[in-house]
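S.K.: sequence isn't available, so here's the structure alone:
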């Protein structure tokens, strides 16, 4: 895994994890999908926390099971979500031209997902609608996670 200094991360104690929290598991940013189970001290050791999580950038992968010592200190990535106005699609049809709706800064380094969400964005653009996409950024990766019609100009 990249060192925590390269990406915005925070330390979390395993016993304080909840459903929906982000956590680094096997070098992937994951969201906990079920409430972690807490196991008391057993005859062979310390209290444990177990549960399952899902990669936030590839939800099609199956759940990742985890088990940690209850007092273990873990790295949790910090995710941000930013709304962008879609200003175009690149020549090859996969990269988006985006403008931050608050700062008006443009970027062209985010790919249009090849799924139902990507099809919805293409359809809205084909219908000459202004489209706002929400991009989730975490550990140096970006993913379009939602879209909606821009109603601010109506």
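M.R.: Thanks, I have it. From a predicted model like this one, the values you see are computed outputs, not experimental measurements. Residues are numbered from 1 along each chain as shown.
S.K.: hey, what's the closest residue to residue 37 other than its chain neighbours bridged with?
M.R.: The shortest distance from residue 37 to any residue other than its chain neighbours is 5.1 Å, reached at residue 50 (C-beta to C-beta, 6 or more residues apart in numbering). (C-beta placed from N, C-alpha, C; glycine too.) Listed beta-bridge partners, residue 50: residue 37, residue 67 (assigned using DSSP bridges).
S.K.: and residue 50, what's its pLDDT?
M.R.: For residue 50, the pLDDT comes out at 91.
S.K.: residues contacting it?
M.R.: In this structure, residue 50 makes contact with 36, 37, 39, 65, 66, 67, 68, judged by C-beta atoms under 8 Å, 6 or more residues apart in numbering.
S.K.: wait, the first one sits on residue 18?
M.R.: It refers to residue 36. Yes: counting by C-beta atoms under 8 Å, a contact exists between residue 36 and residue 18, whose distance comes to 7.3 Å.
S.K.: lowest average confidence, helix or strand, in this structure?
M.R.: strand 37-39 (a mean of 82; mean pLDDT, DSSP states H and E).
S.K.: and it, how far from the chain's centre?
M.R.: 26 Å (C-alpha atoms, centre = their mean, to the nearest Å).
S.K.: ok, now stretch 78-95?
M.R.: Here the centre of mass of C-alpha atoms in stretch 78-95, compared against the chain's by C-alpha atoms, centre = their mean, lies 15 Å away.
S.K.: if you rank the contacts of residue 50 by neighbours, which is first?
M.R.: residue 36 (23 neighbours; other C-beta atoms under 10 Å).
S.K.: got the contact list for that one?
M.R.: Residues counted as contacts of residue 36 (C-beta under 8 Å, 6+ apart) are 14, 17, 18, 19, 49, 50, 51.
S.K.: tell me the pLDDT at it?
M.R.: Confidence for residue 36, expressed as pLDDT, is 83.
S.K.: can you tell me the closest non-neighbouring residue to it?
M.R.: residue 51 (3.7 Å).
S.K.: many thanks, we can stop here.
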